[in-house]
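Visitor: next come a sequence and a model predicted from it.
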Amino acid sequence: MSRRGEAHLWLLLEESLADAKRAEGAVWPAQRNFRSVVEALVAAGSVPAAVGDAIADELDDTLAVRGLVSTGAFRGRAFPAEEAVAAEGGSAAAASTWFEAEVDRHLDLLADFDVSLRPDAGADALRILGGPVRAFEAAGVVGSTRHLLADLAASLASAGFDVGPLVGGEERKAWVAFLRDQPRSLVTAEPEQFREVRQPIGEVEGRTVAVTSVAWSPALLQLRTTVRSPSGIGIEDGSRWSARAVDDGGRLHLGQPTMAMSDGGSAAIFRLRPGFVTPPAQLDVTITRGGSSATATVGL
């Protein structure tokens, strides 16, 4: 699986170069899509992180040599020696975990679009998410990701977005409700109420995660978490952590991943939307990093 994943990246690199050349200077979509696939395969364990990073750098180097991006993007780093890279087999479960968090991220982004003005935003999201799904198929770890993508297409169509031909997916009511609610932006939102909870969530990639407090306003649901690793350092690698919550009424609360840690890397704050006026009795909270996640019920 590792070899298949790496081979897919090399093929996709050639396609990305062709796309960037056709774009005549607007190369960032090709870079973004390529890095999204790299991240997906690394999260699923189908490509070692050192190899994924090296191939992504190779794309940037080639773009710089060809004058399609600034020469400052050129790194020229040596490709990692084969004996220095641990072979990984990949996991369909890890692929599905990463992909579900990525769907959450895109739903949160789509909530900012007025569907009457930008119905094409749905098709854009499906095109971007389709790249990782094809990569998982190539690496043999597709799992439930194809099913999730089809369900997302059906849900976006139900919310009024243009999605192109549907492929037998089923509408997810919570996804559609989130998009139709068009929850307010969190740019200026601040919590008004606060509650200390100290609820263990579980283990995510060898780190113990707990929600220590919940704060809210009508627009915002804010979760503060602690992250502990066996070394005592919580998050030392600049990785992205995601959170979502489902309240006891089935309402979905989503936000963007965070890399902003506090308390020496041992705490993370997640800002989700929508919030609430009267807090629910409980929230089902999921914390995800890469292909690993943990879920627990947080009582309020």
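Guide: Great, that's in hand.

Visitor: which stretches of the stretch 101-250 of the chain have low pLDDT?
Guide: Within the stretch 101-250 of the chain, the stretches with pLDDT under 70 are 166-167, 231-238.

Visitor: what's the nearest residue to the most centrally placed residue in the chain if we skip its chain neighbours?
Guide: By Cα atoms, centre = their mean, the chain has its centre lying nearest to residue 102, at 3.2 Å. Excluding its sequence neighbours, the residue lying closest to residue 102 (Cβ to Cβ, 6 or more residues apart in numbering) is residue 129, at 6.6 Å. All C-beta atoms are positioned from the backbone trio N, CA, C, and that covers glycine.

Visitor: ok, how many other residues are close to residue 119?
Guide: 16 (other Cβ atoms under 10 Å).

Visitor: scratch that, residue 94 is what I was asking about
Guide: 24.

Visitor: which elements pack onto the helix or strand hosting the residue nearest to residue 102?
Guide: Here residue 129, judged by DSSP states H and E, is contained in helix 121-139. Helices and strands touching helix 121-139, by 3 or more Cβ pairs under 8 Å, 6 or more residues apart in numbering; DSSP states H and E, are helix 2-23, helix 28-43, helix 92-110, helix 145-158.

Visitor: list the buried residues for stretch 117-124?
Guide: For stretch 117-124, the buried set under the neighbour-count rule, 16 or more other Cβ atoms under 10 Å, comprises 119, 121, 122, 124.

Visitor: so what's the first one up against?
Guide: Think residue 119. Counting by Cβ atoms under 8 Å, 6 or more residues apart in numbering, residue 119 makes contact with 160, 161, 162.

Visitor: now render the residues you listed as CSV, adding neighbour count and distance to residue 69.
Guide: Converted to CSV, those look like this (neighbours: other Cβ atoms under 10 Å; distance: Cβ to Cβ, whole Å):
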residue, neighbour count, distance to residue 69
160, 14, 36
161, 22, 31
162, 15, 31
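
Visitor: of these, which belong to strands?
Guide: Among these, DSSP state E puts none in strands.

Visitor: with distance to residue 193 added, can I get the residues you listed in TSV?
Guide: Putting the contacts of residue 119 into TSV (distance: Cβ to Cβ, whole Å) gives the following:
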residue	distance to residue 193
160	33
161	34
162	39
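
Visitor: so which of the residues you listed comes closest to residue 26?
Guide: Using Cβ to Cβ, the shortest approach to residue 26 within those belongs to residue 162, at 22.0 Å.

Visitor: how far away is the residue lying closest to that closest one once chain neighbours are set aside from residue 160?
Guide: Using Cβ to Cβ, 6+ apart and skipping the chain neighbours, the partner closest in space to residue 162 is residue 119 (4.3 Å). Separation of residue 119 from residue 160 (Cβ to Cβ, to the nearest Å): 7 Å.

Visitor: quick one: mean pLDDT for the strand or helix carrying residue 59?
Guide: Using DSSP H and E, residue 59 falls within helix 49-65. Taken as a whole, helix 49-65 carries a mean pLDDT of 90.

Visitor: ok, how many other residues are close to residue 37?
Guide: Neighbour tally, residue 37, other Cβ under 10 Å: 27.

Visitor: quick one: pLDDT of it?
Guide: Looking at residue 37, its pLDDT stands at 95.

Visitor: thought it was touching residue 13?
Guide: No: Residue 37 sits out of contact with residue 13 when judged by Cβ atoms under 8 Å, with a separation of 9.8 Å.

Visitor: with distance to residue 282 added, can I get the helices and strands packed on helix 121-139 in CSV?
Guide: Putting the helices and strands packed on helix 121-139 into CSV (distance: least, Cβ to Cβ, whole Å) gives the following:
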stretch, distance to residue 282
helix 2-23, 39
helix 28-43, 29
helix 92-110, 20
helix 145-158, 25
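
Visitor: cheers, nothing more for now.
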